[in-house]
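In: I'll drop the sequence and a predicted model, then ask my questions.
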Amino acid sequence: MPAEIFAIKKEVAEQVTWLKIFVEPIEKKIADRLKPFRNEQPHYEPLHVELLLGDVSRLLDSCLAYRREANDLDATATKTALEIQLFEKLKDKDKELGKLGLAAEQSEKLADAQKKAAEAFGLTTEEGSSAISGDLAAMKKGMGEQAVGAQQVGEISAANEKRKGKLLDERWALLIENQEKLKARHEAEGNGLNYGERYKRVVDLLLEDIEEAYRKALSVKAGLKEIYESDKPATEYSDPLPDFDKTDFLDEFVKWTRKAIRMVEEIQQDEVEMDFVVPLNHPWRFDAGEDQRMMTKDQFSLAIQDKQDGRLTFDTTPVFPKELFEHLRLKSIAVTYSSAEGPPKSGERDELGMRRYTVLVFPPMHNRALGPARAQEPRRPPVMLSNVGILNQESGPNFVGGLGLMNIDPRGTWEIRLLPVGLGATKDVYHRWAGDKGKPWVSDLNLHLRVLCKPESDPNKWNAWCGKVKKDA
């Protein structure tokens with residue numbers, strides 16, 4: 001706000017007290033609100049970049065609307081306050097000027113003078129001209145009639161001017177009374193003329209939304225770097241958040257958000273959604289005849305025995321080399337099991353297909369480099385899947401997602417806990433271990449990962465990842 005406008009507002013507010021709330025500029029209110037968060041670590045989950053950017057955009061739309069309404073109220077209130085101030089300054093002068101235009105006193109003096117002239121001519125308004133005769137009388141008659149007429153006009157004018165004065169006093173009394181009522185309405189709560197109250201409500205909403213938008217934008221910056229670390233535009237996202245101490249902060253914040261949205265859209269153009277199946281007890285890849293497993297057969301068998309807690313811990317990092325999977329992030333997961341029973345006998349397919357187990361899945365730990373907001377939570381919330389069925393190409397697994405899984409890096413240490421028993425189509429309870437002839441019902445668990453990524457486009461760079469078997473195999 002220019003200094004001269006600020007000075008005018010401050011001066012007017014000394015007389016029109018309800019204008020004081022408008023003296024401090026909105027930009028100053030915004031800066032004061034955001035100062036505690038200038039160096040804040042991410043308050044929101046930075047990996048929710050797309051959601052956060054959408055929220056920031058929506059909030060800024062609201063902020064622009066609130067600012068527009070606040071500025072309109074400011075302009076109306078300031079104009080009204082200036083009019084009130086002007087009225088107070090001019091009312092006495094205008095009233096005096098109005099009375100100076102009245103001619104009651106002059107008319108009375110003129111009527112009095114004409115009355116004296118008529119009397120000097122030996123004529124009064126009561127006698128008329130019948131009392132005078134002769135030549136001299138003719139002259140006296142004419143001048144006397146003139147004086148009498150002027151006297152009568154003066155008396156009428158004087159009476160009218162007095163009436164005008166009285167009406168003018170009444171008019172100004174009504175104007176002042178109306179002005180006082182309007183002034184009272186400007187300060188009364190809960191009405192449209194209380195511009196200060198309406199302004200405060202709008203500004204409170206603006207400040208609430210701008211704070212949320214700013215804190216989410218800080219998390220967006222951290223998330224952009226975390227997810228798109230291999231992309232120069234994101235890693236070197238050199239545009240810091242605009243300086244909220246400047247008067248054009250809100251407009252620059254809008255530009256920053258629009259640029260961030262465009263950048264994410266451009267980066268995501270080459271991304272692909274993929275499904276991976278990671279078996280725990282079977283090889284996920286063969287490399288020159290050596291199987292690559294999440295855990296050994298002995299580790300798996302021991303973990304699911306009845307006396308154990310069914311805890312299965314494994315690291316998926318080797319499955320997703322960074323040079324092949326850029327921007328890798330999770331969308332949803334599923335779990336299926338494989339059975340050691342082999343192909344079902346005739347009539348048993350439905351029973352095996354309807355058997356269900358329950359697992360708890362603990363995703364990889366938080367990246368604490370994103371800030372201290374989750375520092376006290378070493379692991380993300382677990383996902384419970386109570387509909388874990390057999391690996392079946394026909395029906396497919398039951399994927400589940402949610403914000404707790406959104407965009408996390410699937411590389412890292414997972415933990416799956418298989419509950420001891422499952423349910424089938426009959427009343428029988430199926431233990432995870434006690435199968436026919438001592439064989440476990442569950443011979444393997446398969447973690448299904450639905451991910452988004454930008455995969456390497458050069459086929460030759462996938463040779464090592466695809467693996468190979470021995471020539472004599």
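Out: Perfect, thanks for sending it.
In: Break down the stretch 201-350 of the chain into its helices, ranges please.
Out: With DSSP state H, counting those that start in this stretch as the definition, the stretch 201-350 of the chain shows helices at residue ranges 232-235, 249-267, 297-304, 349-354.
In: cool, the stretch 51-200 of the chain as well?
Out: According to DSSP H, counting those that start in this stretch, the stretch 51-200 of the chain carries its helices in the segments 104-120, 134-187, 195-227.
In: Quick check: can you list the domain ranges of this protein?
Out: 1-270, 273-466 (automatic domain parsing).
In: State the mean pLDDT of the first one.
Out: This points to domain 1-270. The predicted model gives domain 1-270 an average pLDDT of 79.
In: Next, count neighbours for E177.
Out: A count of nearby residues for E177, using other Cβ atoms under 10 Å, gives 10. C-beta: built from backbone N, CA, C; applies to glycine.
In: quick one: contacts for the closest residue to V203 other than its chain neighbours?
Out: By the measure of Cβ to Cβ, 6 or more residues apart in numbering, the closest residue to V203 outside its immediate chain neighbours is A70, 5.6 Å from it. Contacts of A70 were listed using Cβ atoms under 8 Å, 6 or more residues apart in numbering, and they are I26, Y199, V202, V203, L206.
In: ok, the second one to S62 distance?
Out: In this view, Y199 and S62 are 16 Å apart by Cβ to Cβ, to the nearest Å.
In: Pick out whichever of those two has more residues nearby.
Out: Y199 (22 against 16).
In: Report the separation between the more buried one and D298.
Out: From Y199 to D298 the distance is 73 Å (Cβ to Cβ).
In: Please apply the same query to G223.
Out: Looking at G223 against D298, where the rule is Cβ to Cβ, the gap reads 40 Å.
In: cool, P382 as well?
Out: 26 Å.
In: With R356 instead?
Out: Relative to D298, R356 is positioned 27 Å away (Cβ to Cβ).
In: Looking at these two, which has the bigger crowd around it?
Out: For the pair R356 and D298, the greater number of neighbours falls to R356 (18 against 8), based on other Cβ under 10 Å.
In: what residue ranges in the stretch 251-400 of the chain score low on pLDDT?
Out: For the stretch 251-400 of the chain, residues meeting the criterion pLDDT under 70 lie at 288-290, 341-353, 366-378, 393-394.
In: Run through the strands of the chain in chain order.
Out: 272-279, 285-287, 290-292, 311-315, 325-339, 357-362, 383-388, 413-418, 421-423, 429-431, 442-455 (DSSP state E).
In: what's the closest of these to E180?
Out: Closest approach to E180 among those is made by strand 325-339 (66.0 Å; Cβ to Cβ).
In: chain center to the closest one: distance?
Out: 33 Å (Cα atoms, centre = their mean, to the nearest Å).
In: Direction-wise, compare that strand with strand 357-362 and give the angle.
Out: Between the axes of strand 325-339 and strand 357-362, defined by axes from the mean of the first three to the mean of the last three Cα atoms, to 10 degrees, the angle is 150 degrees.
In: for strand 325-339, packing partners?
Out: strand 357-362, strand 383-388, strand 442-455 (3 or more Cβ pairs under 8 Å, 6 or more residues apart in numbering; DSSP states H and E).
In: For the last one, buried residues please.
Out: Meaning strand 442-455. Within strand 442-455, the residues scored as buried using 16 or more other Cβ atoms under 10 Å are 442-454.
In: Now do that strand and helix 195-227, the angle between them.
Out: Using the same axes, to 10 degrees, the interaxial angle of strand 442-455 with respect to helix 195-227 works out to 110 degrees.
In: List the residues that contact the residue nearest to L391 when sequence neighbours are not counted.
Out: Nearest residue to L391 in three dimensions, chain neighbours excluded: T336, at 4.3 Å (Cβ to Cβ, 6+ apart). Contacts for T336 (Cβ under 8 Å, 6+ apart) come out as V388, G389, I390, L391, N392, P397, L445, N446, H448.
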